[in-house]
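>>> Quick one, structure for this:
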Amino acid sequence: MRPIHVIFLCGYFRFIPEAIRVVNGPVSVTEGGSANLSCRLTETDEDLEQVTWQKRTRGIPENHNFLVILPPRDVRNINGLGNRARFIGNLTMKTGSIQILNVSLHDEGVYTCIFTVFPSGPHQAETRLTVHGRPVVTVTPAAPLVVGGESGVLATCIAANGRPAAGVSWRTDQLDGPTEIQNNATQNPNGTTTVRSYLLVTPTRSMNGREVQCVVNHTALEHEEIVPYRISLHYVTRGYYGGLIAAIFVLFFTLILLSFYTWKTVLQRRNPRRSRSHQEDVHMQEQQQEEQEEESQEQESQFNPLPQQSQLHPSPHHAGAGL
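Now for the predicted structure:
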């Protein structure tokens with residue numbers, strides 16, 4: 001009977017450590033908020049010697065201690081979080097809960113709570129901390145569309161730096177014509193996502209002045225975020241086209257004149273001798289013409305001589321004879 005009693009006692013003492021457990025759960029928090037990480041030891045009356053918190057993140061994937069609590073309430077911050085991590089538990093009640101202030105995206109990861117009790121030793125459990133990044137929402141107008149023109153991008157809604165990616169949509173109830181929405185997402189180096197949503201329309205006169213709305217949904221937002229946008233379109237009249245055509249014609253004619261002048265100048269620079277010989281030929285022709293005119297004047301003077309002096313003035317001899 002005594003050997004059976006010993007076996008029973010050994011089984012009894014093995015049962016107690018197996019019943020000890022650490023109770024916790026996953027935690028989600030928005031960037032900039034506070035995260036409460038709960039940790040509680042149950043099913044034991046053993047003496048608590050210390051509580052240790054470890055973490056591993058994307059930046060540091062190995063487990064490392066960052067907080068140690070010793071009875072009765074000696075809190076020691078090590079390796080990193082400093083005053084952002086504080087103890088909010090009660091060692092008498094065997095709760096080792098902590099609070100992390102001003103949580104950032106770098107704090108996301110797995111946190112391990114370790115209770116060290118005597119005589120059974122350490123007991124631990126892991127808690128996953130998820131950090132949500134609130135997106136920054138803006139609506140950017142595209143280049144103004146022209147009424148009667150082709151379809152194009154009317155506006156772009158941007159939900160930047162969200163974690164996880166935000167859901168973006170458009171409300172276009174006030175528009176009569178067809179619309180199209182194109183979304184794309186860009187992964188940022190810090191683990192956030194930027195979503196761009198393009199609203200495409202075929203511009204009509206009835207759209208001008210109407211309102212569309214960008215709607216963003218995200219886990220970090222208590223309610224969907226709505227950003228309105230007032231449509232502003234451009235109009236083109238016939239007078240505009242007429243003035244445009246006239247301006248194009250004037251520009252074209254001016255370019256032709258400039259091209260002709262440039263071409264002529266280039267030719268003159270390339271053939272200076274030819275230009276000079278041409279000028280000399282013109283000069284010689286002018287001299288020859290002047291010589292011909294002088295010769296013609298001399299010939300005319302020979303054929304039409306001036307009257308002789310005897311005919312114009314009678315001599316005294318003849319005058320006396322008459323007397």
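>>> just checking, residue 103 touches residue 133?
No. Proximity of residue 103 to residue 133 does not meet the contact threshold set by Cβ atoms under 8 Å, at 10.6 Å. To be clear about C-beta, it is placed using only N, CA and C from the backbone, and glycine gets the same treatment.
>>> Check the contact lists of these two and give me the overlap.
30, 31 (Cβ atoms under 8 Å, 6 or more residues apart in numbering).
>>> So these two - more neighbours on which side?
Neighbour tally, residue 103 and residue 133, criterion other Cβ atoms under 10 Å: the higher count belongs to residue 133, 26 against 21.
>>> The more buried one: what's it in contact with?
30, 31, 105, 161, 162, 163, 191, 192, 220.
>>> What about those, which are in strands?
Among those, the members found in strands (DSSP state E) are 30, 161, 162.
>>> any weak-confidence spans in the stretch 101-250 of the chain?
Residues of the stretch 101-250 of the chain meeting the criterion pLDDT under 70: 237-244.
>>> Distance check, residue 77 against residue 68.
8 Å (Cβ to Cβ, to the nearest Å).
>>> Go through the ones in strands among the contacts of residue 133 and give me the one with the most neighbours.
residue 162 (26 neighbours).
>>> so what's it up against?
Here residue 162 is in contact with 133, 134, 135, 192, 193, 194, 195, 218, 220 (Cβ under 8 Å, 6+ apart).
>>> Helices of the stretch 201-323 of the chain, residue ranges please.
Using DSSP state H, counting those that start in this stretch, the helices of the stretch 201-323 of the chain run over 238-270, 272-303, 309-312, 316-322.
>>> Look up the closest residue to residue 26, ignoring the ones flanking it.
Once flanking residues are discounted, residue 26 sits nearest to residue 128: 4.8 Å by Cβ to Cβ, 6 or more residues apart in numbering.
>>> Look up phi and psi at that neighbour.
phi -90, psi 130 (degrees, to the nearest 10).
>>> Next, count neighbours for it.
14.
>>> what's the closest non-adjacent residue to residue 152?
With Cβ to Cβ, 6+ apart, the residue lying closest to residue 152 is residue 145, at 5.4 Å.
>>> Let me see the domain layout of this protein.
Here the domain assignment for the chain is 19-132, 136-230, based on automatic domain parsing.
>>> Save the ones you listed as TSV, and put in distance to residue 256 too.
Putting the domains of the chain into TSV (distance: least, Cβ to Cβ, whole Å) gives the following:
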stretch	distance to residue 256
domain 19-132	64
domain 136-230	31
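>>> Nearest to residue 269, out of those domains?
Comparing the domains of the chain by their distance to residue 269 (Cβ to Cβ), the top pick is domain 136-230, with 45.6 Å.
>>> Just checking the distance from that closest one to the centre of its chain.
Counting by Cα atoms, centre = their mean, to the nearest Å, domain 136-230 is centred 15 Å from the centre of its parent chain.
>>> Can you measure across that domain, start residue to end residue?
20 Å (Cα to Cα, to the nearest Å).
>>> Please measure how far the first residue of stretch 131-140 sits from its last one.
One end of stretch 131-140 sits 28 Å from the other (Cα to Cα).
>>> mind checking pLDDT for residue 274?
Residue 274 is assigned 56 on the pLDDT scale.
>>> now stretch 251-271: mean pLDDT?
Stretch 251-271 comes out at a mean pLDDT of 78.
>>> try stretch 47-63
92.
>>> Give me the buried stretch members for that stretch, please.
Using 16 or more other Cβ atoms under 10 Å as the test for burial, stretch 47-63 gives 48, 50, 51, 52, 53, 54, 55, 57.
>>> neighbouring contacts of that stretch?
With Cβ under 8 Å, 6+ apart, stretch 47-63 has contacts from 37, 39, 41, 64-71, 85, 89, 91, 94, 96, 98, 106-118, 191.
>>> quick one: that stretch to chain centroid distance?
40 Å.
>>> Could you pull up the residues touching residue 81?
Residue 81 sits next to 66, 67, 100 when contact means Cβ under 8 Å, 6+ apart.
>>> Just list whatever residues bridge to the last one.
What it means is residue 100. Beta-bridge partners for residue 100, by DSSP bridges, are residue 35, residue 85.
>>> was I right about it contacting residue 85?
Yes. Counting by Cβ under 8 Å, residue 100 does reach residue 85; the two are 5.4 Å apart.
>>> Name the residue in those two with the higher neighbour count.
Taking neighbours as other Cβ under 10 Å, residue 100 and residue 85 compare with residue 100 leading, 25 against 21.
>>> Find the nearest non-adjacent residue to residue 180, please.
residue 200 (4.2 Å).
>>> Sticking with that neighbour, tell me its helix or strand.
strand 193-201 (DSSP states H and E).
>>> what residues does that strand touch?
Against strand 193-201 from outside (Cβ under 8 Å, 6+ apart): 135, 145, 151-170, 172, 175, 177-188, 207, 212, 214.
>>> now swap in stretch 173-187 and tell me
Contacts for stretch 173-187 (Cβ under 8 Å, 6+ apart): 151, 165, 168-170, 172, 193-202, 204, 206-207, 210-212.
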